[in-house]
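Colleague: would you be able to build a 3D model of this:
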Amino acid sequence: MNTTDDSSTKIVPKRRGIERLLFTLVNSGRALRYLLRNEAAFQQELALACVLIPVAIFLSTTAVEFALLVGSVIAVLVVEVLNTAIEVVINRIGLESNTLSGLAKDLGSAAVTLALILWAVVWGSIVSSYWITRV
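Modeller: Now for the predicted structure:
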């Protein structure tokens, strides 16, 4: 029988329904606020998204094109958020140099690079076909 009172091991009942949704929104808002204040890459990608998503409305000729254009932009933002989460966890573990910590950060960066390549391929394909069919 454990007689120590370790508050860090207490099981917190899961929230359900609307309460869970509200807490999710609050936590997501806090995360977005952190990203907007501290992550230059996310700030730049979000600014680009604010320009590209309206452009996608006018550029796309089908719902599939619109979904691809917007989806590729959102994919970059999602992967950047996950990359930042990896970096935060690694920094939480320790700031000293470690091969595996460096590898984890590099893998997160590679994921962002692949998302940017996806964005470039999707937008390049649709924009080029747009200009080819209009000329």
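Colleague: is residue 96 part of a helix or strand, or is it coil?
Modeller: Assigned with DSSP: H, G, I helix; E, B strand; the rest coil, residue 96 falls in the coil class.
Colleague: next: residue 14.
Modeller: coil.
Colleague: number of residues surrounding the residue lying closest to it once chain neighbours are set aside?
Modeller: In space, residue 14 comes closest to residue 20 once its chain neighbours are excluded; the distance is 7.4 Å by Cβ to Cβ, 6 or more residues apart in numbering. No exception for glycine: its C-beta is placed from N, CA and C like everyone else's. Around residue 20 there are 11 other residues, counting by other Cβ atoms under 10 Å.
Colleague: what about residue 20, which helix or strand?
Modeller: helix 17-38 (DSSP states H and E).
Colleague: show me what that helix packs onto, helices and strands only.
Modeller: Under the contact definition 3 or more Cβ pairs under 8 Å, 6 or more residues apart in numbering; DSSP states H and E, helix 17-38 sits against helix 40-59, helix 63-93.
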